[in-house]
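>>> Need coordinates for the following:
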Amino acid sequence: MSTRSDDLYAFETLWRQYRACRRNKRNTVNALRFELNAEENLLALQRELRERTYRPGPSICFVTAGPKPREVFAADFRDRVVHHVLVSRQEPVFEREFIHDSYACRKGKGTLAANDRLMRFLRQATANGRRPAWALHLDVAGFFPSIHKETLLSPFRPVRRIAALANSTHQISTRRPATRRNSSALRVTRVASAATQIAAIRRSFPPITQPSRSS
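Next up, the predicted model:
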């Protein structure tokens with residue numbers, strides 16, 4: 001990985017990562033709001049990153065449906081662009097350190113690959129279903145909010161040598177989303193319908209007028 005930081009936050013880089021970021025988020029409220037003034041927003045973000053004044057914005061809190069509801073803090077779209085920039089520089093460093101059986105957010109891995117690997121282990125452990133085997137199913141309560149931040153940051157030493165990269169990484173890694181809410185931090189407020197908000201943002205775009213036809 002290059003240790004030069006002068007082009008780390010070049011506009012071309014931010015634009016490329018912005019387009020990658022919006023690929024699966026284009027119809028979300030925050031993505032559409034950002035897209036209204038994409039160039040201005042990226043230039044403002046670039047200035048903050050280069051001057052090392054960047055601070056992550058408030059997260060979007062929601063509760064997932066399912067057998068076990070989970071409170072999730074999703075990063076704002078603007079912060080997701082920064083995530084993409086950092087991952088593009090840090091991924092080559094950490095990819096060499098991951099064990100083979102780590103499947104989340106890695107190229108060539110994912111849910112299907114993890115499932116295939118699990119089935120292979122199950123066949124080995126059960127002799128193709130001819131003997132019983134045991135599996136441990138557990139969940140660590142409050143795992144992500146309770147991660148020790150200094151321990152989390154210790155593997156980042158190779159990339160922390162780049163000052164600009166280190167600042168953004170530290171800001172994102174040490175931030176606690178829940179601290180931006182008031183003392184009753186576990187109270188979840190339902191937001192208005194996303195479809196309603198998206199429609200409102202789309203209405204704010206200038207109308208497209210059809211060229212008049214000469215008689």
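>>> Now do the same contact list for the residue lying closest to Phe62 once chain neighbours are set aside.
Nearest non-adjacent residue to Phe62, counting by Cβ to Cβ, 6 or more residues apart in numbering: Val72, 5.7 Å away. In this view, the C-beta of every residue, glycine as well, is placed from N, C-alpha and C. Counting by Cβ atoms under 8 Å, 6 or more residues apart in numbering, Val72 touches 61-64.
>>> Please apply the same query to Gly129.
By Cβ under 8 Å, 6+ apart, Gly129 lies in contact with Arg123.
>>> which SS class is it?
coil (DSSP: H, G, I helix; E, B strand; the rest coil).
>>> Could you measure from it over to Arg123?
Counting by Cβ to Cβ, to the nearest Å, the separation of Gly129 from Arg123 is 8 Å.
>>> so what's Ser102 up against?
Contacts for Ser102 were tallied using Cβ under 8 Å, 6+ apart; they are Lys109.
>>> got the contacts of Val72 as JSON lines, with neighbour count and secondary structure columns?
Rendered in JSON lines, the data for the contacts of Val72 read as follows (neighbours: other Cβ atoms under 10 Å; DSSP: H, G, I helix; E, B strand; the rest coil):
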{"residue": "Cys61", "neighbour count": "19", "secondary structure": "strand"}
{"residue": "Phe62", "neighbour count": "15", "secondary structure": "strand"}
{"residue": "Val63", "neighbour count": "11", "secondary structure": "strand"}
{"residue": "Thr64", "neighbour count": "9", "secondary structure": "coil"}
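>>> where along this structure do the helices fall?
Using DSSP state H, the helices assigned to the chain run over residues 11-22, 29-36, 38-51, 77-95, 111-126, 149-153, 157-160, 163-174, 194-203.
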